[in-house]
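**Q** Need coordinates for the following:
(2 chains)
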2 protein chains.
Amino acid sequence: MLKKDQFYLPDGVIYLDGNSLGPLPKAAVSQLNKTVEDEWGAMLIKGWNDAGWMKKPSIVGDKIGKLLGCAPGTTVVGDTLSIKVYQALAAALAMRLERKIVLSDNGNFPSDLYIADGLLRTLKQGHELRVVAPEDVYENITEDVAVVMLTQVDYRTGRMHDMQALTKAAHDVGAISIWDLAHSAGAVPVDMTACNAEFAVGCTYKYLNGGPGAPGFIYTRPDIAEDAEPSLAGWLGHAEPFAFDLEYRPARGIERMRVGTPPILQLAALETALAVWDDVSIHDVRAKSIALSELFIREVEANCPQLKLISPRNADERGSQVSFAFEHGYPAMQALIDAGVIGDFRAPDTMRFGFTPLYLDESDVKRAVEILTDIMKNETWKQPRFQKKGDVT
Amino acid sequence: MLKKDQFYLPDGVIYLDGNSLGPLPKAAVSQLNKTVEDEWGAMLIKGWNDAGWMKKPSIVGDKIGKLLGCAPGTTVVGDTLSIKVYQALAAALAMRLERKIVLSDNGNFPSDLYIADGLLRTLKQGHELRVVAPEDVYENITEDVAVVMLTQVDYRTGRMHDMQALTKAAHDVGAISIWDLAHSAGAVPVDMTACNAEFAVGCTYKYLNGGPGAPGFIYTRPDIAEDAEPSLAGWLGHAEPFAFDLEYRPARGIERMRVGTPPILQLAALETALAVWDDVSIHDVRAKSIALSELFIREVEANCPQLKLISPRNADERGSQVSFAFEHGYPAMQALIDAGVIGDFRAPDTMRFGFTPLYLDESDVKRAVEILTDIMKNETWKQPRFQKKGDVT
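**A** Just a heads-up that it's a prediction; the model follows:
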């Protein structure tokens, strides 16, 4: 299963941040050259047909959908995750006009909440965005809730919601369910068909290794796809984009969730990155991810008593990342990165580490903990150069 | 001024479709390799700071803004043109809550009308999208109009609106003015500062040669930038994206019009493509474009009586394209493309030709007309292979 030879990883780097930006698949370099020179360069405008550019959002969408238990023809790629959240939420609210509450939790990625807030402000229809603690979501799924909008895996702690149970709870009260799978796709097994939620969205630059700014994706459950009213009614979501009608008529099914011209260069990188999954089982990846995460937790707790685990200890309740709290987490992470172990920091005190079995093995994890242990023992993080706050991502 | 050596143009091709998709700037190939290998590959997540990815939407935005008479810090790049239309229109409507009419014309690109329609349906606030003939726009700018939303250059005929006069007419009745500059940027001189419109949007894959799926751009007039309420409230439009606050606080000025993670590969190509403008004056480009267009019209009218000019004959009223109507325009354009002259076809009968002095000269234009003349004289377009309708772009 280990596909380390298919990724470009700089010498001396142990990359524990694939949950933020996946590394470069080697094949993406030649594919991008091909797309740029042989398609854009040589075909010019004809690339839209001759190189199949126009169909890429659906083709690539299906490749992602396959990893998430979505039926073919139910997933498209495009725009960014934020835009896809907006589309899903706007369509969901239009299906429950009589209800005014959008329920989410404070473990959701803030941007999802911002997008919801922006949509509700724009609507001016008296909606309320109700944000509760993750453990309080169940009891807040009441009959006045229009939409339950959650991210499966908490970006800070890796805590994982039970998608199937929460979706059922939403449906039991007649609410629509939207899942953000940004930290799930390519990391944990997801079965959207079994989950039965109406919408799912996600990004592709984390565990799917699509590259910086790779597009988002959206899934609509096929039986309600024709009921989804497009808020972002772009020409490529039109039933006949090239008829240039003045009136918008939504395309069939998920195609109506396409908006503008697809980002062909990003899609070329993403499609190449997805090829690595052709002979990889997400279940094997998950088993290995748990093994690596457990090893990391065990070793860090044995060697770095200053760090406090804030991820769930039970692997079944955790995504493919492990987070520790440390008062001096910011400079400690800078020192760690300086020593070649790349994780990331999230305010106020979270040191975050992603485990990606496609290109990480036990020896990487052990070596990373050795380096972390040295930094903690020697208090390397106290060096002024690590204290200086720069931009953070 | 001719920069032909800086573009990759296939042998035997005369490219009259740069108004749809600009050709590949040669420098984009090496820049993309650099971005992919030296940045994504070698820097991984650190690219967001170390390679300056995070600031690219503003840096590239300013480079486009400079071509359009926008002050620095008033233009950002991202998403697609459709999304930028939505953002501008939603912000504009929020500034004129008491008015319910959005005025546009049927020469607008249909997608802009679709986006407006989708927004108004989503709002459910009783708005009306009023679409009139281009020549009737003036008289329909009345005191109940909230927003006048127009595209400067008609994608079919090249007919050009008087931006300054129409903006003044909008302001005279207290309406907001939004301009789509998709067919203007890099083609005709635009001075947004003098025009005084509140918003402008556009795409970058036409005359700016940013590549297939290159992102859109948006300009907000600086004095009202802080009044623009973001409908698409994404995390990169937040005042402090990396504080991960649960509450959205819009960033200052135009930065609030950023939404999600920027498409770094597309931006690399686009930024490279914009470098060609460093030592080119848009006024020189315009003068040459007019000369090439006039030559084309003259030669076509002299040699192809079957084709009827549908673009304005007065160059001052025309963008950088020329369109002819021909009953059999579809197969005629297929035959022309087959012979190496790439223009495009727009239903029902429009043969469209773009003139781009960066990489086209008089000899290209003359040769193109010779080939077109042969096709018309020999009725080559009657061959069955040209009649077959394929996908069109």
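**Q** Can stretch A:268-277 be said to contact chain B?
**A** Yes. Counting by C-beta under 8 Å from any C-beta of the partner chain, chain B has neighbours in stretch A:268-277: A:Ala269. C-beta here means a position set from N, CA and C on the backbone, and glycine is covered the same way.
**Q** now stretch A:182-200
**A** No. Stretch A:182-200 lies out of reach of chain B by C-beta under 8 Å from any C-beta, never closer than 10.5 Å.
**Q** Need the mean per-residue confidence for that stretch.
**A** For stretch A:182-200, mean pLDDT is 98.
**Q** for stretch A:74-92, same thing?
**A** 98.
**Q** Chain B contacts on the stretch 51-200 of chain A?
**A** With C-beta under 8 Å from any C-beta as the criterion, the stretch 51-200 of chain A meets chain B at residues A:53-54, A:79-83, A:86, A:90, A:94, A:106, A:109-111, A:113-115, A:117-119, A:121-125, A:131.
**Q** Just the ones of these in helices?
**A** The helices, defined by DSSP state H, take in A:81-83, A:86, A:90, A:94, A:110-111, A:113-115, A:117-119, A:121-123 from these.
**Q** okay, how far is it across stretch A:38-51, tip to tip?
**A** Stretch A:38-51 has an end-to-end distance of 9 Å (C-alpha to C-alpha, to the nearest Å).
**Q** Can you give me the buried ones in it?
**A** A:39-48, A:51 (16 or more other C-beta atoms under 10 Å in any protein chain shown).
**Q** quick one: which two of those are the most distant?
**A** Farthest apart among the buried residues of stretch A:38-51 by C-beta to C-beta are A:Gly41 and A:Trp48. That separation is 14.4 Å.
**Q** re earlier: mark which of the ones in helices among the residues of the stretch 51-200 of chain A next to chain B are buried, thanks.
**A** A:81-83, A:86, A:90, A:94, A:110-111, A:113-115, A:117-119, A:121-123.
**Q** quick one: contacts of the longest strand along chain A?
**A** Looking across chain A with DSSP state E, the single longest strand is strand A:145-151. Under the criterion C-beta atoms under 8 Å, 6 or more residues apart in numbering or on different chains, residues A:85, A:88-89, A:92-93, A:96, A:99-105, A:107-109, A:112, A:116, A:127, A:130, A:137, A:141, A:161, A:166-167, A:169-170, A:173, A:175-183 lie in contact with strand A:145-151.
**Q** Output the next helix or strand after it as CSV - backbone C-alpha positions only.
**A** Next helix or strand after strand A:145-151 toward the C-terminus (DSSP states H and E): helix A:163-172. In CSV, the C-alpha atoms belonging to helix A:163-172 read as follows (Å, rounded to 0.1, in the frame of the first residue of the first chain):
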residue,chain,number,x,y,z
MET,A,163,-22.3,10.6,10.3
GLN,A,164,-24.9,7.9,10.1
ALA,A,165,-26.4,8.5,13.5
LEU,A,166,-26.5,12.3,13.2
THR,A,167,-28.0,12.1,9.7
LYS,A,168,-30.7,9.8,11.0
ALA,A,169,-31.4,12.1,13.8
ALA,A,170,-31.7,15.0,11.4
HIS,A,171,-34.0,13.0,9.1
ASP,A,172,-36.1,11.9,12.1
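**Q** What residues of helix A:163-172 count as buried?
**A** A:163, A:166-167, A:169-171.
**Q** What of stretch A:193-205?
**A** Buried, per 16+ other C-beta under 10 Å, within stretch A:193-205: A:193, A:195-205.
**Q** what packs against the longest helix along chain A?
**A** For chain A, the helix with the greatest residue count under DSSP H is helix A:282-303. Using 3 or more C-beta pairs under 8 Å, 6 or more residues apart in numbering or on different chains; DSSP states H and E, the elements in contact with helix A:282-303 are strand A:308-309, strand A:321-325, helix A:362-378.
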